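J.: Pasting the sequence and the predicted coordinates here, then a few questions.
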Amino acid sequence: MEENNRVTHPRIVVIGGSAGSLRTILEILPNLEPKLQAAIIIVLHRHHVYDSTLTDLLAIKTTLPVKEAEEKEDIQPGTIYIAPSDYHLLVESDYSLSLDYSEKVNYSRPSIDVTLSSAAPVCGARMAALLLSGGNNDGTDGLDEVQSFGGTIAVQDPIDAEVDYMPKHALQTLQVPFVLKNHEMADFINRFAAEDLV
Amino acid sequence: MLRTHYISEDEVSMLLNDVLELYGYDFTDYAHASINRRVNYLFKKDRFTSFAEFRFRVKNDKNYVTRFVEEITVNVTEMFRDPFFYTALQKQVLPVLATYPFIRIWHAGCSTGEEVYSLAIMLQEANMLHKAKIYATDINNTVLDKARKGIFPLAHMQQYSRNYIQMGGTQDFSQYYTANYEYAKFSETLSKQIVFAAHNLVTDHSFNEFQLIVCRNVLIYFNKTLQDKILHLFDDSLETFGFLALGSKETLNFTSISHKFRQLENRQKIWRKTIV
Ligand SMILES: C[S@@+](CC[C@H](N)C(=O)[O-])C[C@H]1O[C@@H](n2cnc3c(N)ncnc32)[C@H](O)[C@@H]1O
């Protein structure tokens, strides 16, 4: 099973953010490898209103396909998936995506913790998680799970974060090997995708 | 912070097999990630210290199984959720149903009933409630009890009233309930035409023919095989020219019944059955 995953399934990078993180994501996207092999999942807390425009907004910044994650779709390499507003996004063990309309976690749906903790046991070392700016606790528990299943975790340097509470909270709770400046993030993702991160 | 215990997907499927064999509840074709999460959450919440202990309890304590079933199904709901869905029902579906002498509606997976009361309000405003019967079903008896009572937290009413206005409601929303300081109780004129009953979509059969079936945010919890099976059940339970309404992220497209249905022209997930 494990061996099988290695051959057929792409690496996954989950980017989680809340207040103040959109700007950073818009900065990361243009610098991703055009032939990126990893799939990217973006879980962003946001208000209903921005819903349909978010995908379009992000798509302008990259040549990689950007789409709202759909129920039961297979995760494809080089694709950027956005968690739809008001649903949690989960990763299934066959590397498909599923949606879940259960309680808000950390007052959020989608919640970063929920996506990370579902992906963690499935992806193991084949996933990385990057936590950005935000004003609440979401993400810390999820990062913890990712790490305990062998994944790579990173947070935005609080100095660079518009709202530093979320990355700070993760740094106070966990041992985080990568604390990244905004301009280092795309490189981090590119290298993780190319399996050349030390 | 090392995770002390984590119920693996294989262990979850052992549990689900136990529950099926011993109690007849079939969760084996539910989408794994969500079930996994619920089972792990319950494991932590009930403070089990090992999988063996958890499994033993499930296998040997009948009362605990009721709790298990109730806790692993997701029951979150809202009144007039996705207001534009209700606008579409009101503008495109109710006028058709209004031409029938008697209207039978099945609301499957109704949870605590907020959506059912929303529909009843719309029917009442269209002066159709008196000739309608809504069968509201769910697998989970606890939520059905709540639905039957029609009592919801007063704190939610502000949001519900906003949804109602957004869907195009023009009445004073507060006329539909009486409030005390914590709860809102919905009027019995609304619930008079509703039958709340237990029905398991996985194992139970069709029980009538309907002109409208509403089943929102239930199919997302099932795998594709099971989704297809349930859609056949709906197809079997729907009259020709009847309507099927799903949740905003659910679809009939690419399923084995899609050729019989035509999606209404709006951005909502409502289909009309065009072929027997
Ligand atoms: C997320 S709620 C949806 C509530 C409401 N329809 C809405 O969209 O707001 C899902 C409901 O499906 C019910 N359910 C799950 N499995 C079921 C089954 N096999 N048969 C009937 N109902 C089921 C759960 O008990 C729960 O109340």
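T.: Sure, I can see it.
J.: all contacts plus neighbour counts: C-alpha atoms, from now on.
T.: Will do.
J.: Could I get the full set of helices for the chain?
T.: Using chain A. Along chain A, counting by DSSP state H, helices occupy A:2-8, A:22-28, A:51-59, A:112-123, A:140-148, A:165-173, A:185-193.
J.: I was thinking of chain B, sorry if that wasn't clear
T.: In chain B, the helices defined using DSSP H lie at B:9-23, B:32-45, B:51-60, B:62-72, B:83-88, B:94-97, B:114-125, B:141-149, B:157-167, B:188-191, B:224-236.
J.: residues making contact with the fifth one?
T.: Spelled out, that is helix B:83-88. Here helix B:83-88 makes contact (C-alpha atoms under 8 Å, 6 or more residues apart in numbering or on different chains) with B:80, B:163, B:164, B:166, B:167, B:168, B:266, B:268, B:269.
J.: who wins for proximity to residue A:105 among the helices of chain B?
T.: With C-alpha to C-alpha as the criterion, residue A:105 lies closest to helix B:32-45 of those, at 12.2 Å.
J.: Mean confidence (pLDDT) on the closest one, please.
T.: In this model, helix B:32-45 has an average pLDDT of 94.
J.: Centre of the chain to the longest strand seen in chain B, how far?
T.: Ranked by residue count under DSSP state E, the longest strand found in chain B is strand B:238-246. On the basis of C-alpha atoms, centre = their mean, to the nearest Å, strand B:238-246 sits 16 Å off its chain's mean C-alpha point.
J.: Which secondary structure elements does that strand sit against?
T.: strand B:210-215, strand B:270-273 (3 or more C-alpha pairs under 8 Å, 6 or more residues apart in numbering or on different chains; DSSP states H and E).
J.: picking that back up, most neighbours per residue, which of the helices of chain A?
T.: The highest mean neighbour count among these, using mean count of other C-alpha atoms under 10 Å in any protein chain shown, belongs to helix A:112-123: a mean of 26.
J.: check contacts around residue A:130.
T.: Per C-alpha under 8 Å, 6+ apart, neighbours of residue A:130: A:13, A:14, A:15, A:16, A:153, A:154, A:155, A:156.
J.: Let me fix that, I meant to ask about residue B:146.
T.: Counted by C-alpha under 8 Å, 6+ apart, residue B:146 has contacts B:112, B:113.
J.: try residue A:166
T.: Residue A:166 sits in contact with A:131, A:132, A:133, A:134, A:135, A:136, A:137, A:138, A:139, A:140, where contact means C-alpha under 8 Å, 6+ apart.
J.: Tell me the most packed of those, by neighbour count.
T.: Ranked by neighbour count (other C-alpha atoms under 10 Å in any protein chain shown), these have residue A:132 at the top, with 33 neighbours.
J.: re the thing from before, redo the helices of chain B as CSV? Include distance to residue A:108.
T.: CSV is the format used below for these (distance: least, C-alpha to C-alpha, whole Å):
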stretch, distance to residue A:108
helix B:9-23, 25
helix B:32-45, 16
helix B:51-60, 29
helix B:62-72, 20
helix B:83-88, 20
helix B:94-97, 34
helix B:114-125, 21
helix B:141-149, 23
helix B:157-167, 16
helix B:188-191, 32
helix B:224-236, 27
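J.: So which helix or strand of chain A has the lowest pLDDT on average?
T.: Ranked by mean pLDDT, DSSP states H and E, the weakest helix or strand in chain A is helix A:2-8, scoring a mean of 52.
J.: among the helices of chain B, which is nearest residue A:42?
T.: helix B:32-45 (17.9 Å).
J.: Go through that closest one and flag the buried ones.
T.: B:32, B:33, B:34, B:35, B:36, B:37, B:38, B:39, B:40, B:41, B:42, B:43 (16 or more other C-alpha atoms under 10 Å in any protein chain shown).
J.: just to revisit the earlier point, now, the contacts of residue A:130 that are in strands?
T.: A:13, A:14, A:15, A:16, A:153, A:154, A:155, A:156.
J.: ok so, going back, and the helices and strands packed on strand B:238-246 as CSV, adding mean pLDDT, distance to chain A and mean neighbour count?
T.: CSV is the format used below for the helices and strands packed on strand B:238-246 (pLDDT from 0 to 100; distance: least, C-alpha to the nearest C-alpha, whole Å; neighbours: other C-alpha atoms under 10 Å in any protein chain shown):
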stretch, mean pLDDT, distance to chain A, mean neighbour count
strand B:210-215, 98, 14, 23
strand B:270-273, 98, 17, 23
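J.: can you tell which of these is closest to residue A:64?
T.: strand B:270-273 (32.0 Å).
J.: pull the CA atoms of the closest one into PDB?
T.: C-alpha atoms of strand B:270-273 as PDB (Å, rounded to 0.1, in the frame of the first residue of the first chain):
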ATOM      1  CA  ILE B 270     -32.500  20.800  -8.500                       C
ATOM      2  CA  TRP B 271     -33.400  18.200 -11.200                       C
ATOM      3  CA  ARG B 272     -36.700  17.200 -12.700                       C
ATOM      4  CA  LYS B 273     -37.400  13.600 -13.700                       C
END
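J.: So which residues make contact with it?
T.: Here strand B:270-273 makes contact (C-alpha under 8 Å, 6+ apart) with B:238-246, B:260-264.
J.: Okay, now the sheet partners of it, with direction.
T.: strand B:238-246 (antiparallel), strand B:261-263 (antiparallel) (DSSP bridges).
J.: any idea which of these is most buried?
T.: strand B:238-246 (a mean of 22).
J.: Does the longest strand of chain B reach the ligand?
T.: No - between strand B:238-246 and the ligand, judged by C-alpha under 6 Å from any ligand atom, nothing touches; the nearest distance is 8.4 Å.
J.: for stretch A:108-120, same thing?
T.: No - Stretch A:108-120 does not reach the ligand (C-alpha under 6 Å from any ligand atom); its nearest approach is 13.2 Å.
J.: Render the CA-only coordinates of that stretch in PDB, please.
T.: Provided in PDB are the C-alpha atoms of stretch A:108-120 (Å, rounded to 0.1, in the frame of the first residue of the first chain):
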ATOM      1  CA  SER A 108     -14.200  27.900  11.100                       C
ATOM      2  CA  ARG A 109     -15.500  25.900   8.200                       C
ATOM      3  CA  PRO A 110     -13.500  25.100   6.300                       C
ATOM      4  CA  SER A 111     -11.100  24.400   9.100                       C
ATOM      5  CA  ILE A 112      -7.300  24.000   8.500                       C
ATOM      6  CA  ASP A 113      -7.100  21.500  11.400                       C
ATOM      7  CA  VAL A 114      -9.700  19.300   9.800                       C
ATOM      8  CA  THR A 115      -8.000  19.100   6.400                       C
ATOM      9  CA  LEU A 116      -4.500  18.600   7.900                       C
ATOM     10  CA  SER A 117      -5.600  15.900  10.300                       C
ATOM     11  CA  SER A 118      -7.400  13.900   7.600                       C
ATOM     12  CA  ALA A 119      -4.500  14.200   5.200                       C
ATOM     13  CA  ALA A 120      -1.800  13.400   7.800                       C
END
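J.: Nice, that's everything, thank you.
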